[in-house]
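Engineer: what would the 3D arrangement of this be:
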Amino acid sequence: MSDYNYNLTSFLTSAPTIHHLPDDVGTEIAFIGYSNSGKSSALNALTNQKKLARTSKIPGCTQLINLFQITEGYRLVDLPGYGYAKIPKKMKIKWNNTLTQYLRFRNCLQGLLILMDIRYPLKDLDKKIISWAQKNKLQTLILLTKSDKLSTTACHAKLITVRQEIKNSRDVIQVELFSSKKNIGIHILRNKMDSWYLNPDHIQNNRSIPLTLI
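Structural biologist: This next block holds a predicted model:
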């Protein structure tokens, strides 16, 4: 049983940059990943709400930092998806600045959820985020999404492969299977988030190592 009632999560605000976000207090956990990684679906599955986060068959719909409040002072953050090739370079630069500034300078960020389609894990930008999180000692959970698309055997083979790839980062990074359709990994996600919310580590907020995604 989770310590927080994620079903009560509600939309709080959207912001084009970190300068438009609410005061940098409380505790935030951020969802990040490629545009088609299933971030919105994961948010909806986590909160047991079908329309809390916008989902679309068209990648790149999340262009703002979207904040959701679980209860006072405890928030979820849906960051703009990265890696969508069909957007103008100017927009890519804007998204890069939005993502990197949030990750580096938002002090109340306590945990990072990296979502990767299990069929295509560890793409270049995923690796950059993982490496950056490890160097900055930011607690991270990698969710291999859409695991309902593969057989159980294939899923576990992918899981082992990804865990082996990040074996040098296991002190701060965990990898698990996830499916919003089949509710695979929901309890693991909630338990991990509970631990971050209950034990915020403000020491890790000095994320001095820069990050570039383009």
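Engineer: CA only for contacts and neighbour counts going forward, please
Structural biologist: Fine.
Engineer: for the residue most central in space within the chain, list the residues it contacts.
Structural biologist: Centre of the chain computed as the mean C-alpha position; nearest residue by Cα atoms, centre = their mean is residue 31, 2.0 Å away. By Cα atoms under 8 Å, 6 or more residues apart in numbering, the contact list for residue 31 reads 39, 76-79, 112-115.
Engineer: tell me the most packed of those residues, by neighbour count.
Structural biologist: Within those, most neighbours by other Cα atoms under 10 Å means residue 39, with 29 neighbours.
Engineer: distance check, that one against residue 26.
Structural biologist: 22 Å (Cα to Cα, to the nearest Å).
Engineer: I'd like the mean pLDDT over the longest strand seen in the chain, please.
Structural biologist: When the chain is parsed with DSSP state E, its longest strand is strand 109-117. For strand 109-117, mean pLDDT is 97.
Engineer: need the contact partners of the least confident helix or strand in the chain by mean pLDDT.
Structural biologist: Within the chain, judged by mean pLDDT, DSSP states H and E, the helix or strand with the poorest mean is helix 89-105; its value is a mean of 87. Residues outside helix 89-105 that contact it (Cα under 8 Å, 6+ apart) are 16-18, 63, 79-80, 82, 109, 207-214.
Engineer: swap the cut-off to 6 Å and go again
Structural biologist: With contact meaning Cα atoms under 6 Å, 6 or more residues apart in numbering, helix 89-105 is reached by 17-18, 207, 213.
Engineer: and residue 121, which of the three is it?
Structural biologist: coil (DSSP: H, G, I helix; E, B strand; the rest coil).
Engineer: quick one on the thing from earlier: most widely separated two among the contacts of residue 31?
Structural biologist: Spatially, the most separated pair among those is 76 and 115, at 14.3 Å (Cα to Cα).
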